[in-house]
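Colleague: Got a sequence here, can you model it:
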Amino acid sequence: MVTRRAILASLVGPAFSQGVASRGVQAVARGKPSGRPFLANFVDIAEQAGLIHPTVYGNPDRKDYILESIGCGVAFFDYDNDGWLDIFVLNGSLLSGHPAGSSNRLYKNNRDGTFTDVTEKAGLLRSGWASAVCLGDYNNDGHDDLFLTYWGQNVLYRNNGDGTFTDVTAKAGLLNPTRRWGAGCTFLDYNRDGYLDLFVSNYVDFDPSKVAKPGGSTYCNWKGIPVNCGPRGLPHGTHSLYRNNGNGTFTDVSIPSGIAKGRGSYGMTAVSADFNNDGWPDIYVACDSTPSFLFRNNKNGTFSEIALESGVALNDDGMEQAGMGLGIGDYDLSGSLDIFKTHFADDTNVLYRNDGKGNFEDATNKSGLGVETRFVGWGAGIVDLDNDGYPDLFYVTGNVYPEIEKKLPSYPYKTPRLIFRNLGNGTFEELINLGGPAMTEVHSSRGCAFGDFDNDGDLDVLILNMGEPPSLLRNDLKTAHHWLKVKLEGTVSNRTAIGARVIATYGGHRQAQEVLSQSSFYSVNDLRLHFGLGAATNAALEVRWPNGRTENFASVPADRLIRIKEGLGIISADPLPGR
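Modeller: As a prediction, the model looks like this:
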């Protein structure tokens, strides 16, 4: 068997002498446009909606340290259970100290297209270098809790159910004994006991007093220009798994579970989902400039790292890529979860097609994604933007080096958002000058989240922008296509139903989705699963709960929010609130 060490030893050449893995590949030629209309239309309404606080993340003009470059995530979640998505936006800091107002922000949905900043009232004011957010009801009290990763100390916020949160990190046993750079995180019920456990990836062991300045080593140059050092040349972070004890506390089981054996890569976004369809949650970690990890659940409390043999550690050429963001979905309507992973400029993003058994094929070129290599990709989703029944690809972009634009104008710091429309035959086409005015606006973006904040039956997008307020892309979709949303609640399984699988059958198609605690880049999507149905007016639903139990529902009517409670079936099938 080819070992990870052998793979690493084979990676030589100019592309790998720098800090970030960038293969220097050329985009393939674009084919003739399909000419099909695309009816999703995105307009950025963030300012008028009241999302006004900028994300501070290091010096805006130059990034002397990698800490200033990475950025953080966002979340769509209904913190007060009123049926309307609220917004949570992470924030960073400056190396010179925390500037005034540089807190994470919670915005309450006013149900009229605007939001109110309730951060202080909710008890969520906090400064620091935040990275990721993941969501789940760890104590099964019916209110979704927040876990945040930081360079420094991660934080667990318990949702008190009255509009406030309490920092219970120490009480829960999740304090780090030393400073770490927490990166991706995800709740999951890895042992299927009905309580959400917690996985945390860690990026690099970063100490600014020990890191060279730009240009100070081999790993501190990009295309001959001095830039901040890393991740190559810096010590790798190690990853952690915490078992929920069922009493509000967690136990570190990284070593006995086998997670601690996953070493030698720079972990970023983490997603837990059942990738091999065996009913048990696995963990995939996008890793920067190093092979990515796939931890297979062995069903006995342990995991095995199998990314290389499963085909998702490297690309089809056997090369490392700068993995940052992850979109998870069923793009080819096979009933299995595929993976879309974003990478650095001068490289293709990668699309891994699942064969149904957890083995993946690099379908990047055959699917048409090889036409785009200009931008650094971050948050991403496999999501149906126009409700035609075929999930599209959406991702945000932004360079990490604001200072190089003056010398290399072809690598601007602020770049556009991108859509690849699903053509329904296993291929995509990049939409140029389509999708609305918000698609061509340029920002240096990082996290993004997908959800229906205005409850009008289509997917909107929340985006984090470095040095600016977030963007809120309202989807003004005008189409006769139908849709279905599914909200699950566990009873024997964890209350949030993290890890539950829904397969919707409609119009001769069959699409799988799972309730995820984290995806995109360090971000959280609407927990209500959204299926575009095209012309179909109903769908059959198969629900597989995290504990393995399966329930089936025939001929569910379209254009409804379907609420399903484990063991009790469909408890409501109503229009969305406000419709």
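Colleague: Now do the contacts for L541.
Modeller: For L541, the contacting residues are 486, 502-505, 552-553, 556, 562, 564, taking C-beta atoms under 8 Å, 6 or more residues apart in numbering as the criterion. No exception for glycine: its C-beta is placed from N, CA and C like everyone else's.
Colleague: got it, and G58?
Modeller: With contacts defined as C-beta under 8 Å, 6+ apart, G58 is in contact with 65, 67-69, 92-95.
Colleague: just the buried members of these?
Modeller: Among the contacts of G58, those that count as buried by neighbour count (16 or more other C-beta atoms under 10 Å) are 65, 67-69, 92-93.
Colleague: quick one: which two of those are the most distant?
Modeller: Across those, the two members that end up farthest from each other (C-beta to C-beta) are S69 and S93, 13.5 Å apart.
Colleague: Can you pull the poorly scored residue ranges out of the chain?
Modeller: Across the chain, the ranges flagged by pLDDT under 70 are 1-24.
Colleague: how about a cut-off of 80?
Modeller: Low-confidence segments of the chain, defined by pLDDT under 80, span residues 1-27, 29, 579.
Colleague: can you pull out the strands in the stretch 251-400 of the chain?
Modeller: For the stretch 251-400 of the chain, applying DSSP state E, counting those that start in this stretch gives strands covering 266-273, 282-288, 293-297, 303-305, 326-329, 338-341, 350-354, 360-362, 377-383, 392-397.
Colleague: coming back round to it: now distance to G230 too, for the buried ones among the contacts of G58, in CSV please.
Modeller: Formatted as CSV, the entries for the buried ones among the contacts of G58 read as follows, by distance: C-beta to C-beta, whole Å:
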residue, distance to G230
Y65, 8
L67, 9
E68, 11
S69, 9
G92, 16
S93, 18
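Colleague: ok, of the residues you listed, which one's closest to G182?
Modeller: Using C-beta to C-beta, L67 is the member of the buried ones among the contacts of G58 that lies nearest G182, at 12.4 Å.
Colleague: coming back round to it: D332: which of the buried ones among the contacts of G58 is nearest?
Modeller: Closest to D332 out of the buried ones among the contacts of G58 is S69 (34.2 Å), distances taken as C-beta to C-beta.
Colleague: Using PDB, write down the CA coordinates of whichever helix or strand that closest one is part of.
Modeller: Using DSSP states H and E, S69 falls within helix 67-70. Once side chains and other backbone atoms are set aside, the C-alpha atoms of helix 67-70 remain, and they are given as PDB (Å, rounded to 0.1, in the frame of the first residue of the first chain):
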ATOM      1  CA  LEU A  67      -3.200  34.300  11.700                       C
ATOM      2  CA  GLU A  68      -4.400  37.500   9.900                       C
ATOM      3  CA  SER A  69      -5.200  35.800   6.600                       C
ATOM      4  CA  ILE A  70      -7.500  32.900   7.400                       C
END
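Colleague: just checking, what packs against the helix or strand that it is followed by?
Modeller: Going down the chain from helix 67-70, the next helix or strand is strand 74-77, by DSSP H and E. For strand 74-77, the helices and strands in contact under the criterion 3 or more C-beta pairs under 8 Å, 6 or more residues apart in numbering; DSSP states H and E are strand 86-89, strand 129-136, strand 445-451, strand 460-465.
Colleague: swap the cut-off to 6 Å and go again
Modeller: In terms of contact count using 3 or more C-beta pairs under 6 Å, 6 or more residues apart in numbering; DSSP states H and E, strand 74-77 is assigned the packing partners strand 445-451, strand 460-465.
Colleague: The last one - contacts with which helices or strands?
Modeller: Strand 460-465 makes packing contacts with strand 74-77, strand 445-451, strand 471-475 when contacts are defined by 3+ C-beta pairs under 6 Å, 6+ apart.
Colleague: Dump the C-alpha coordinates for that strand into PDB.
Modeller: C-alpha atoms of strand 460-465 as PDB (Å, rounded to 0.1, in the frame of the first residue of the first chain):
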ATOM      1  CA  ASP A 460     -30.400  32.900   0.400                       C
ATOM      2  CA  VAL A 461     -26.700  33.300   1.200                       C
ATOM      3  CA  LEU A 462     -24.900  34.900   4.200                       C
ATOM      4  CA  ILE A 463     -21.200  35.700   3.500                       C
ATOM      5  CA  LEU A 464     -18.400  36.900   5.800                       C
ATOM      6  CA  ASN A 465     -16.200  39.600   4.300                       C
END
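Colleague: could you measure the residue sitting furthest away from the middle of the chain against N228, distance?
Modeller: In the chain, the residue that sits farthest from the middle, by C-alpha atoms, centre = their mean, is G216; the gap is 32.6 Å. Using C-beta to C-beta, to the nearest Å, G216 is found at 10 Å from N228.
Colleague: which residues touch V168?
Modeller: 156, 158 (C-beta atoms under 6 Å, 6 or more residues apart in numbering).
Colleague: who touches the helix holding S69?
Modeller: 58, 63, 151, 206, 400.
Colleague: Out of the residues you listed, which is nearest to Q518?
Modeller: Proximity of the contacts of helix 67-70 to Q518 (C-beta to C-beta) peaks at W151, which lies at 17.6 Å.
Colleague: who's the closest one bridged to?
Modeller: For W151, the residues forming beta bridges with it (DSSP bridges) are W129, W181.
Colleague: For it, give me its contacts.
Modeller: 67, 129, 181.
Colleague: Kindly report the same for V118.
Modeller: V118 sits next to 106, 108 when contact means C-beta under 6 Å, 6+ apart.
Colleague: any idea how far it is from L146?
Modeller: Using C-beta to C-beta, which is the criterion applied here, V118 is 14 Å from L146.
Colleague: count of neighbours near G327?
Modeller: 30 (other C-beta atoms under 10 Å).
Colleague: Quote the end-to-end distance of stretch 507-527.
Modeller: 24 Å (C-alpha to C-alpha, to the nearest Å).
Colleague: quick one, helices of this structure?
Modeller: For the chain, the helices identified by DSSP state H occupy 4-9, 46-49, 67-70, 119-122, 254-257, 307-310, in order along the chain.
Colleague: TSV for these, including distance to G237?
Modeller: Compiled in TSV, the helices of the chain are given as follows (distance: least, C-beta to C-beta, whole Å):
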stretch	distance to G237
helix 4-9	16
helix 46-49	32
helix 67-70	12
helix 119-122	29
helix 254-257	12
helix 307-310	17
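Colleague: Just name the most buried of those.
Modeller: Counting by mean count of other C-beta atoms under 10 Å, helix 67-70 has the highest mean neighbour count of the helices of the chain, with a mean of 24.
Colleague: contacting residues around I283?
Modeller: With contact set as C-beta under 6 Å, 6+ apart, I283 has these partners: 199, 272, 295.
Colleague: residues near the closest residue to R579 other than its chain neighbours, how many?
Modeller: Nearest residue to R579 in three dimensions, chain neighbours excluded: N455, at 6.2 Å (C-beta to C-beta, 6 or more residues apart in numbering). For N455, the neighbour count with other C-beta under 10 Å is 20.
Colleague: does Y157 really touch F165, like I thought?
Modeller: Yes: with the criterion set as C-beta atoms under 6 Å, Y157 and F165 qualify as a contacting pair; they are 4.1 Å apart.
Colleague: How much space separates the closest residue to G142 other than its chain neighbours from D64?
Modeller: Sequence neighbours aside, R495 is the residue nearest to G142 in space, at 6.0 Å (criterion: C-beta to C-beta, 6+ apart). As for R495, its distance to D64 is 44 Å (criterion: C-beta to C-beta).
Colleague: who's more crowded, the two?
Modeller: The residue with more neighbours, out of R495 and D64, is R495; 22 against 19, by other C-beta under 10 Å.
Colleague: residue contacts, N475?
Modeller: Contacts of N475 were listed using C-beta under 6 Å, 6+ apart, and they are 40, 42, 458-460.
Colleague: scratch that, L39
Modeller: By C-beta under 6 Å, 6+ apart, the residues touching L39 are 386, 477-479.
Colleague: of the buried ones among the contacts of G58, closest to S257?
Modeller: Using C-beta to C-beta, the shortest approach to S257 within those belongs to L67, at 28.9 Å.
Colleague: Quick one: end-to-end distance for stretch 290-299.
Modeller: Its first and final residues considered, stretch 290-299 spans 27 Å by C-alpha to C-alpha.
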